[in-house]
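> need the 3D shape of this:
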Amino acid sequence: MMILLLLLTELQEERERERLRQRERRMREEERKRRWEIEQEKKRQRDVHMKQRAEAIRLAREREKLR
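Residues are numbered from 1 along each chain as shown. From the prediction side, this is the model:
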């Protein structure tokens with residue numbers, strides 16, 4: 001009977017450790033996803049800025065031609 005209790009306790013402890021490992025893994029994946037999304041947004045903002053800058057330069061050249 002005592003051995004059975006020990007085995008059950010060990011099993012419960014291992015399940016708890018596995019549950020915690022899985023939770024930590026999910027948290028790491030979520031953090032990695034957040035960082036990736038932030039980087040993607042930064043790239044998108046850079047692209048928008050570069051396109052606006054290029055358009056401003058193009059418009060300035062057009063104005064110069066019209067003078």
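> switch to C-alpha atoms for all contacts and neighbour counts from now on
Fine.
> the helix or strand containing R32: how far from the chain's middle?
Taking DSSP states H and E as the criterion, R32 maps to helix 2-66. Its chain's C-alpha centre and that of helix 2-66 lie 0 Å apart, by CA atoms, centre = their mean, to the nearest Å.
> list the helices and strands that helix packs on?
Using 3 or more CA pairs under 8 Å, 6 or more residues apart in numbering; DSSP states H and E, no helix or strand is in contact with helix 2-66.
> now do stretch 30-41, average pLDDT.
Average pLDDT, stretch 30-41: 98.
> and for I3, the neighbour number?
For I3, the neighbour count with other CA atoms under 10 Å is 8.
> contact partners for it?
Going by CA atoms under 8 Å, 6 or more residues apart in numbering, I3 touches no other residue.
> tell me how far it lies from T9.
Using CA to CA, to the nearest Å, I3 is found at 10 Å from T9.
> E37 now?
Distance from E37 to T9, counting by CA to CA: 42 Å.
> L7 and E14, how far apart?
Per CA to CA, L7 is found 10 Å from E14.
> which neighbours do I3 and T9 share?
Counting by CA under 8 Å, 6+ apart, nothing touches both I3 and T9.
> quick one: low-confidence parts of this protein?
Low-confidence segments of the chain (pLDDT under 70): none present.
> repeat the analysis, applying 80 as the threshold.
Within the chain, the segments meeting pLDDT under 80 span 1.
> list the contacts of R21.
The contact partners of R21, by CA under 8 Å, 6+ apart, come to none.
> ok, it to A54 distance?
From R21 to A54 the distance is 49 Å (CA to CA).
> just R15 next, same as before
Here R15 is placed at a distance of 58 Å from A54 (CA to CA).
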